[in-house]
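Need coordinates for the below:
(chains A and B)
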Amino acid sequence: MDLAGQLTSYLYQYFDNATFLILAALGLILIYGMMGVINMAHGELMMIGAYVATYSYHAGLPIPLAVLCAGIAAGLAGIVMELLIVRHFYNQLLSSLVVTWGLSLVLSQGALLILGPSTLNMPTPLGSFSVGGFSFGVYRMAMTVVAVLLMAGIWILLRWTRFGNQAQATIENPRMAAALGIDTRWIYTTTFAIGAALGGVAGGMLAMTTAVSPFFGQGYTAVAFITVVLGGGANALVGLAVAAGYLSGVQTLLSVMVNQYLGYVSLFAAAFVALLVMPSGISDFLERRRSRKVQR
Amino acid sequence: MMCSKIGLSSVVSGYGRVRIVDGVSTEVAPGEIVAVIGRNGVGKTTLMKTLIGEVPVKSGEIRLNGRDIGGLTAPRRARLGIGYVPQGRGIFSRLSVAANLGLGVGVGDAARSNFDRVFEFFPILEKRLQQPAGSMSGGEQQQLAIARILVGNPQVMLLDEPSEGIQPSIVQEIGRTIRRLRDQQDLTIIIVEQNLSLIQAVADRCLVMDRGRIIAEVRPDALNDPALAKEYLAI
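Okay, here's the model as predicted:
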């Protein structure tokens, strides 16, 4: 057996699993970190993105534009969701879970009624290469790059722009932010729209790796949810990166050593163990350790 | 009436059905510094929150330059020129000092020069610009909270217990700065305070609150009378 090929295969699977988690969870954790809401309909926003990307691709749009359309469509859907429903449930974790779960059912059943049960497909672009008898898809690696770029983009947005400062101020103390003239309603709506658009982009990209159906989103909601809860809301991006890295490590290890199914199950077991140690999530845990160090 | 900067007519406000501010009327002239005093729990902080728009007005009128602003949201009032420094200072601890200042109302590129003007009053902040605001001392945070308001060029500044949790020498310094601000920036200031020396250092007159109403108006030096001070302040 070729060692180089074997190692490349492990790494490839590791990054593939981590990318999958990051893409599914990025928009979700942004909204959770900002507004204390877990949007159970995030998978349906991904489904909307997947359909829009697929239809636009078959209508002749190049792939990057099709993915962009997916993001815009999901972002607009997110604005409607926020204005009509979600804004009444900020910082009410349980109510928001129930309401958005209902919304997720309405959207997936609605898609079933309107679009029918048959699946759609998009070809996977960019071809493949092989190392030591193992074959690797270039597109999957491109997805990893895009996932990292999206995270970097969100970091820059939050850290270096006026909107980002206003958004962080709104998270920390919404009343004070409002007293300084910041339109906190607008900040919430915009952030929700950005989170939704990220879901749409993720859905659009994942549509090139799997079949698109009305229940496309449901496969992602569970893992995204686990990743977000483990990541925690204190510093969403760091939490997401560490959570995805850790979960993917455990998953990949067990997939390789035993089988795919056990790899998937182990993802939940790994999250369970980590949450026993860090009940409020990784980023909260890290934040507290850091502030303890500063105090010393 | 026309010459007052900020005016209240029978303002009632509170949470739910509870009337915490219960019929306050007063006029504050441009450039005046008015202290609101009284024991704990008489509605001073709620009055300030009502002025900025954090607590809704149930009835009555709040006027800024003669215009009723009682129905406007907090961000609208802030943009009209009301700056609010809450109890506890309301600093965004995870943002840098510079980012906190940048959140001041209406700061565009044109207002960058406002930073320099503000540093004349609070030079310490210029040295701390890149530091996380949460890592500064209480006194420095208080200065940042006031500076953040000044960046937006307010007409009225609301200060809620600026002396709270701050060492006496810094309180003196903040008092001097408040007077200078009024003299040089044409600010009208309403200050809720319990610290007798700060009240006497800055206020032109004192409104005494009890059970949601203004029950008396006294000159700051009248509080030298220990009996009065005991009655009107939570000491």
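
Can you say which helix or strand has residue B:78 in it?
helix B:74-80 (DSSP states H and E).

surely residue A:24 meets residue A:225?
No. If you go by CB atoms under 8 Å, residue A:24 and residue A:225 don't touch, sitting 9.1 Å apart. Heads up, the C-betas are built off the backbone N, CA and C, glycines and all.

Neighbour count for these two, which is higher?
Taking other CB atoms under 10 Å in any protein chain shown, residue A:24 and residue A:225 do not tie; residue A:24 has more neighbours (29 against 21).

Now do the SS call for that one.
What DSSP: H, G, I helix; E, B strand; the rest coil gives for residue A:24 is helix.

neighbours of residue A:146, just the number please.
18.

Isn't it up against residue A:208?
No. Between residue A:146 and residue A:208 there is no contact under CB under 8 Å: 11.6 Å.

Just the buried positions in stretch A:233-250, please.
A:233-248, A:250 (16 or more other CB atoms under 10 Å in any protein chain shown).

CA atoms only for that stretch - export them in PDB, please.
Output of stretch A:233-250 as PDB, limited to C-alpha atoms (Å, rounded to 0.1, in the frame of the first residue of the first chain):
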ATOM      1  CA  GLY A 233     -21.600  31.900  21.000                       C
ATOM      2  CA  ALA A 234     -18.800  33.800  22.800                       C
ATOM      3  CA  ASN A 235     -16.400  34.000  19.900                       C
ATOM      4  CA  ALA A 236     -18.300  32.400  17.000                       C
ATOM      5  CA  LEU A 237     -15.500  32.000  14.500                       C
ATOM      6  CA  VAL A 238     -12.900  30.500  16.800                       C
ATOM      7  CA  GLY A 239     -15.500  28.200  18.300                       C
ATOM      8  CA  LEU A 240     -16.600  27.100  14.900                       C
ATOM      9  CA  ALA A 241     -13.100  26.400  13.700                       C
ATOM     10  CA  VAL A 242     -12.100  24.500  16.800                       C
ATOM     11  CA  ALA A 243     -15.400  22.500  17.000                       C
ATOM     12  CA  ALA A 244     -15.200  21.600  13.300                       C
ATOM     13  CA  GLY A 245     -11.600  20.600  13.600                       C
ATOM     14  CA  TYR A 246     -12.200  18.400  16.600                       C
ATOM     15  CA  LEU A 247     -15.400  16.800  15.400                       C
ATOM     16  CA  SER A 248     -14.000  16.100  12.000                       C
ATOM     17  CA  GLY A 249     -10.900  14.600  13.600                       C
ATOM     18  CA  VAL A 250     -12.900  12.100  15.600                       C
END
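
Are that stretch and chain B in contact anywhere?
No. Judged by CB under 8 Å from any CB of the partner chain, stretch A:233-250 stays clear of chain B, getting no closer than 9.1 Å.

Can you tell me what sits against that stretch?
For stretch A:233-250, the surrounding residues in contact (CB atoms under 8 Å, 6 or more residues apart in numbering or on different chains) are A:14-15, A:17-18, A:20-22, A:25-26, A:29-30, A:32-34, A:36, A:151, A:154-155, A:158, A:226-228, A:230-232, A:266-267, A:269-271, A:274, A:280-284, A:286-287.

State the mean pLDDT of that stretch.
Mean pLDDT, stretch A:233-250: 85.

for stretch A:194-208, same thing?
According to the model, stretch A:194-208 has a mean pLDDT of 94.

Who are the packing partners of the longest helix seen in chain B?
Determined from DSSP state H, the single longest helix within chain B is helix B:168-185. In terms of contacts (3 or more CB pairs under 8 Å, 6 or more residues apart in numbering or on different chains; DSSP states H and E), helix B:168-185 is packed against strand B:33-37, helix B:112-121, helix B:138-150, strand B:188-192, helix B:196-202.

who touches it?
B:31, B:33, B:121-122, B:139, B:142-143, B:146, B:150, B:157, B:159, B:162-163, B:166, B:187-189, B:191, B:195, B:197-198, B:201-202.

For those, which PyMOL command selects only the ones that are buried?
Remark: buried members of the contacts of helix B:168-185, expressed as a PyMOL selection using 16+ other CB under 10 Å:
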select buried, chain B and resi 33+121+122+139+142+143+146+150+157+159+162+163+166+187+188+189+191+195+198+201+202
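
what about the residue nearest to residue A:179 when sequence neighbours are not counted, how many neighbours?
Of all residues not flanking residue A:179 in the chain, residue B:84 sits nearest, at 4.5 Å (CB to CB, 6 or more residues apart in numbering or on different chains). Residue B:84: 28 surrounding residues under other CB under 10 Å.

Contacts for the helix or strand encompassing residue B:84 next, please.
For residue B:84, the element it lies in under DSSP H and E is strand B:82-85. The contact list for strand B:82-85, computed with CB under 8 Å, 6+ apart, reads A:179-180, B:48, B:51-52, B:64, B:69, B:78, B:105, B:142, B:145-146, B:149-150, B:152, B:154-160, B:162.

hey, what's the closest residue to residue B:19 other than its chain neighbours bridged with?
Excluding its sequence neighbours, the residue lying closest to residue B:19 (CB to CB, 6+ apart) is residue B:12, at 5.5 Å. Counting by DSSP bridges, residue B:12 is bridged to residue B:22, residue B:59.

shouldn't residue B:12 be in contact with residue B:25?
No. With contact defined as CB under 8 Å, residue B:12 and residue B:25 do not form a contacting pair (10.7 Å).

Quickly list what's touching both of these two.
residue B:60.

Have a look at the two and say which one is more surrounded.
Each of residue B:12 and residue B:25 has its neighbours counted (other CB under 10 Å); residue B:12 has more, 16 against 13.

measure the more buried one to residue B:227 for me?
Counting by CB to CB, to the nearest Å, the gap from residue B:12 to residue B:227 is 31 Å.

hmm, back to that, helices or strands up against the helix holding residue B:78?
helix A:174-179, helix B:44-52.

now these in TSV, with mean neighbour count?
What follows is these, written out as TSV (neighbours: other CB atoms under 10 Å in any protein chain shown):
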stretch	mean neighbour count
helix A:174-179	23
helix B:44-52	24
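
got those helices as a markdown table, with mean pLDDT and distance to residue B:128 columns?
Shown next, in a markdown table, are those (pLDDT from 0 to 100; distance: least, CB to CB, whole Å):
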| stretch | mean pLDDT | distance to residue B:128 |
| --- | --- | --- |
| helix A:174-179 | 91 | 20 |
| helix B:44-52 | 94 | 26 |
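
Please give me every residue in contact with residue A:66.
The neighbours of residue A:66, taking CB under 8 Å, 6+ apart as the test, are A:52, A:53, A:54, A:56, A:57, A:204.

Give me the neighbour count for residue B:126.
Neighbours around residue B:126, by other CB under 10 Å: 15.

Ignoring the adjacent residues along the chain, who's closest to it?
Residue B:126's closest residue in space is residue B:119 (CB to CB, 6+ apart), at 4.4 Å.

in chain A, which spans are helices?
According to DSSP H, the helices that chain A contains are A:3-35, A:42-58, A:63-84, A:93-115, A:138-160, A:162-172, A:174-179, A:184-206, A:218-231, A:236-257, A:260-277, A:282-295.

angle of the first one against helix A:162-172?
Looking back up the chat, that one is helix A:3-35. Taking axes from the mean of the first three to the mean of the last three CA atoms, to 10 degrees, one finds that helix A:3-35 is oriented at 70 degrees with respect to helix A:162-172.

now the fifth one
Angle, helix A:138-160 to helix A:162-172, by the same axes, to 10 degrees: 80 degrees.

Now do stretch B:25-38: distance to the chain's middle.
Relative to its chain's centre, stretch B:25-38 lies at 11 Å (CA atoms, centre = their mean, to the nearest Å).
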